[in-house]
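# What would the 3D arrangement of this be:
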Amino acid sequence: MSQRRVFRRFVLPIAWLLIGAVIAISLVNIAFNENATANEDQLYPTGEIPAETIMVETATVKNNLTLAGSIKLDEAQTLNASVDGVVNWAFVKPGDNVSKGDRIFQIRAETLPESTPTDTSSNTDQDASDEQQSQQSSAPVVTYHDVLSPIAGKVGKFAIELSDEVAKGDELAKIQPQNFKAVAAINPLDRYRLMEGALEAEITIESGPEPFDCKNLSVEDTATQSITAESSTQEFDPMLTDVEGQGANETSGNEISCDVPDDVVVFDGLVMSMAVDAGSAEDVLTVPVTSVRGQVGQGTVWVLNDEGKEIRTEVELGVTDGKIIEVRSGLKADTEVLRYVPGSNPVPEEEPGMEYYP
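Numbering: from 1, shown residues only. Modelled structure (predicted):
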């Protein structure tokens with residue numbers, strides 16, 4: 001038997017067997033000595049994800065809100081009877097335009113005169129009888145009372161007919177002002193963005209007049225609307241969906257409104273868009289709103305120092321556009337801060353450039 005044949009038949013299989021045994025022993029050693037190997041190689045997983053950070057940047061913040069709503073007539077005011085009596089005259093008819101202080105109705109009221117007591121000790125029986133008859137035949141005192149319009153507007157349908165008897169406080173008619181308001185729903189959280197500076201609004205009506213500035217901008221809350229609802233029977237139902245996708249449940253009881261100028265032609269119920277300019281800040285330090293806990297006046301961010309330690313830092317805040325917020329003091333440019341407040345649950349981005357509250 002040649003040497004080559006011996007090598008191929010005996011030596012080579014034994015060598016492969018030894019190599020396989022070495023591999024098997026190594027695998028067994030790794031399996032049963034995992035901790036030792038991990039500590040030695042420093043490659044074992046820790047179960048911790050490094051916190052995402054972002055740098056403090058200089059930017060311009062424009063605090064603009066765009067809200068959807070509608071054009072509404074001012075609420076009608078009720079005209080009430082001022083005394084008990086009979087409505088004997090109407091100075092106007094339904095549909096007439098009146099000014100504040102104009103006479104609308106006249107009420108005829110009758111009151112009995114007060115009886116004068118008699119001195120029976122100094123009069124005869126005949127005199128007493130004559131006085132009693134005189135008192136019984138005394139006519140009631142008739143007076144006329146005008147009901148005036150409390151505001152300028154258009155007279156609505158009468159709630160009574162002429163010659164009807166009315167009691168003090170009864171409804172006689174309604175006066176509908178001819179002033180219009182632009183009314184929109186606003187997310188309660190966005191009201192924090194309207195706390196600083198003078199507010200301006202531009203109203204846009206698709207296929208309507210040119211965009212125009214709205215005057216006397218005001219925000220009403222639930223309590224204000226409850227008082228208004230109790231003092232008027234006119235139903236007030238503005239649109240409760242804004243451009244940014246806020247639903248009716250989120251914005252119930254929070255409305256922003258302003259007066260439409262008299263020279264702009266609008267109609268009740270027109271759909272409009274309200275752009276509110278609540279101020280801006282140019283070339284200021286900013287961080288994402290997700291980096292800050294507390295976003296009105298004072299807040300807290302977490303700075304990452306050179307050793308990788310998270311340092312809680314108090315900051316003074318300014319204008320926000322809902323995505324980024326101005327930092328007036330407490331941070332320097334190019335400082336590394338946590339992108340999300342510790343313990344928050346960041347929502348993944350659904351659209352490019354969109355930031356979400358933690």
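
# Might you list the low-confidence residue ranges for the protein?
Applying pLDDT under 70 to the chain flags the ranges 1-4, 6-7, 32-50, 114-137, 196-198, 221-253, 345-358.

# ok, which stretches of it are helices?
For the chain, the helices defined by DSSP state H occupy 3-6, 12-32, 34-41, 125-136, 222-231, 248-251.

# Name the residues that touch stretch 295-305?
51, 53, 192, 195, 287, 289, 291-294, 310-317, 320, 325, 327, 330-331, 335-338, 341-342 (Cβ atoms under 8 Å, 6 or more residues apart in numbering). C-beta: built from backbone N, CA, C; applies to glycine.

# CA atoms of stretch 182-202 as CSV?
What follows is stretch 182-202 as a C-alpha-only set of coordinates in CSV (Å, rounded to 0.1, in the frame of the first residue of the first chain):
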residue,chain,number,x,y,z
ALA,A,182,-66.2,85.5,12.2
VAL,A,183,-66.3,82.6,14.6
ALA,A,184,-63.9,79.6,14.7
ALA,A,185,-63.2,76.8,17.1
ILE,A,186,-59.8,76.6,18.8
ASN,A,187,-58.0,73.7,20.5
PRO,A,188,-57.8,74.5,24.3
LEU,A,189,-54.0,73.9,24.2
ASP,A,190,-53.5,76.4,21.5
ARG,A,191,-54.9,79.1,23.7
TYR,A,192,-51.5,79.2,25.4
ARG,A,193,-50.1,80.5,22.1
LEU,A,194,-52.4,83.5,22.3
MET,A,195,-51.3,84.9,25.7
GLU,A,196,-48.6,87.3,24.5
GLY,A,197,-48.7,90.3,22.2
ALA,A,198,-51.5,92.0,20.2
LEU,A,199,-53.5,89.5,18.1
GLU,A,200,-54.5,90.1,14.5
ALA,A,201,-56.6,87.9,12.2
GLU,A,202,-57.1,87.7,8.5
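
# ok, residue 183 touching residue 70?
Yes - Residue 183 is within contact range of residue 70, at 6.3 Å (criterion: Cβ atoms under 8 Å).

# neighbour-wise, which of these two wins?
When residue 183 and residue 70 are compared for neighbours, residue 183 comes out ahead with 21 against 18, by other Cβ atoms under 10 Å.

# gap between that one and residue 257?
4 Å (Cβ to Cβ, to the nearest Å).

# Find residues that contact each of those two.
residue 72.

# and the residue lying closest to residue 161 once chain neighbours are set aside, how many neighbours?
Once flanking residues are discounted, residue 161 sits nearest to residue 87: 7.7 Å by Cβ to Cβ, 6 or more residues apart in numbering. Close neighbours of residue 87, defined as other Cβ under 10 Å, add up to 21.

# Quick check: bridge partners of residue 87?
For residue 87, the beta-bridge partners are residue 107 (DSSP bridges).

# again with residue 142
residue 110.

# That one reaches residue 112, doesn't it?
No - with contacts defined as Cβ under 8 Å, residue 142 does not count as touching residue 112, sitting 11.0 Å away.

# and the contacts of stretch 295-305, which are buried?
By neighbour count, with 16 or more other Cβ atoms under 10 Å, those hold 53, 287, 289, 291-292, 315, 317, 320, 325, 327, 330-331, 335, 337-338, 341 as buried.

# May I ask which two of those residues are separated the most?
The distance between the two most remote of the buried ones among the contacts of stretch 295-305 (Cβ to Cβ) is 20.3 Å, for 53 and 320.

# ok, now which ones touch residue 267?
Residues counted as contacts of residue 267 (Cβ under 8 Å, 6+ apart) are residue 71.

# Next, it: phi, psi?
phi -140, psi 150 (degrees, to the nearest 10).

# quick one: it and residue 205, what's the gap?
Noted for residue 267: a distance of 10 Å to residue 205, by Cβ to Cβ.

# and if you look at residue 333?
Relative to residue 205, residue 333 is positioned 43 Å away (Cβ to Cβ).

# Tell me which of the two has more neighbours.
Counted by other Cβ under 10 Å, residue 333 and residue 205 do not tie: residue 205 has more neighbours, with 19 against 10.

# Nothing else from me, thank you.
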